[in-house]
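1. Fold the following and give me the result.
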Amino acid sequence: MRRHPADITPLTFLDYPKKAACILWYTGCNLRCPYCYNPELVLGCSDGGVDEMAFLRERRGFLDAVVLSGGEATLIRDLAGLCADIKDLGYFIKIDTNGSNPDILADLIDRKLIDYVAMDNKMPSTRTWKLPGGAKLFDRFSLSLQALEASGLPYEIRTTVHPGLLEESDLLQMIRECEQLGYRGTYYLQYFFNAGPTLGNLEPPTRRYDRPLLDKYAPLRIGYRNFPEDRGKN
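-> Prediction:
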């Protein structure tokens, strides 16, 4: 049986490029990122009780797109069926994913059930992050990136950054590895901000990144999101 989302963000112009979208937030995740600001979604596994299809039927003609997020979107039960139902209502669909389920992602692509993907890159390949079952996260991420690159589907790669977790050298390695796998788009760095309790009770950063160094040595264009030095700029 399909689970309903835990919550709905009814309108956003930031989460799907050039489209008015809503976000459906689902519970369940296969990672435990210390900076995650949705611990209730990561640790939860219950039906949220929100009727997403009734909401989407009411918003036809007002919204353009639906963002499926969490938690981890590729863990949504009957994800393909959910996407098909949303497509039947005429919406574009974006998936937020950590890239850990390349087979599911490839199936959605092959069936033309998604239109845009935002994929998180968590750490360089030299760091071992094992998924439940023992698979290495970077290996799964690499397969997902290759599937996206082969598909021609619009997508972006992004990393949530905290200077206490990832050094400049780590970020440059991550960007370089994605470039070597075929990615040619903007690589987005999303600065951690302390908006409340996080999964790992992470403390606020005590230093800023050396952005000129990153820009100089990164093989791809970097897009900076929510960096403290940019806040308040038009």
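2. give me the number of residues near L220?
-> 15 (other Cβ atoms under 10 Å). Placement of C-beta: from N, CA and C, glycine included.
3. shouldn't it be in contact with Y187?
-> Yes: counting by Cβ atoms under 8 Å, Y187 is a contact partner of L220 at 4.7 Å.
4. Pull up the overlap in contacts between those two.
-> By Cβ atoms under 8 Å, 6 or more residues apart in numbering, L220 and Y187 have these common neighbours: I175, C178.
5. tell me which element the most centrally placed residue in the chain is part of?
-> Taking Cα atoms, centre = their mean as the criterion, D96 is the residue nearest the geometric centre of the chain, at 3.6 Å. In the assignment (DSSP states H and E), D96 maps to strand 92-97.
6. outside of that strand, which residues touch it?
-> In contact with strand 92-97 (Cβ under 8 Å, 6+ apart) are residues 15-16, 19, 21, 64-70, 72-74, 83, 86-87, 105, 108, 113-120, 144.
7. Among those, which ones are in strands?
-> A21, A65, V66, V67, L68, S69, Y116, V117, A118, M119, D120 (DSSP state E).
8. what residues are up against the residue nearest to the third one when sequence neighbours are not counted?
-> The shortest distance from V66 to any residue that is not its chain neighbour, by Cβ to Cβ, 6 or more residues apart in numbering, is 4.8 Å, and that residue is Y91. Contacts for Y91 (Cβ under 8 Å, 6+ apart) come out as L56, L63, D64, A65, V66.
9. Count residues in the vicinity of the residue nearest to the third one when sequence neighbours are not counted, would you?
-> Among residues not flanking D64 along the chain, K19 sits closest, at 4.1 Å (Cβ to Cβ, 6+ apart). Under the neighbour criterion other Cβ under 10 Å, K19 is assigned a count of 18.
10. least trustworthy helix or strand in this protein by mean pLDDT?
-> helix 39-43 (a mean of 77; mean pLDDT, DSSP states H and E).
11. Packing partners of the following helix or strand past that helix?
-> Following helix 39-43 in sequence order, the next helix or strand is helix 52-58 (DSSP H and E). In terms of contacts (3 or more Cβ pairs under 8 Å, 6 or more residues apart in numbering; DSSP states H and E), helix 52-58 is packed against strand 7-12, strand 21-25, helix 79-88.
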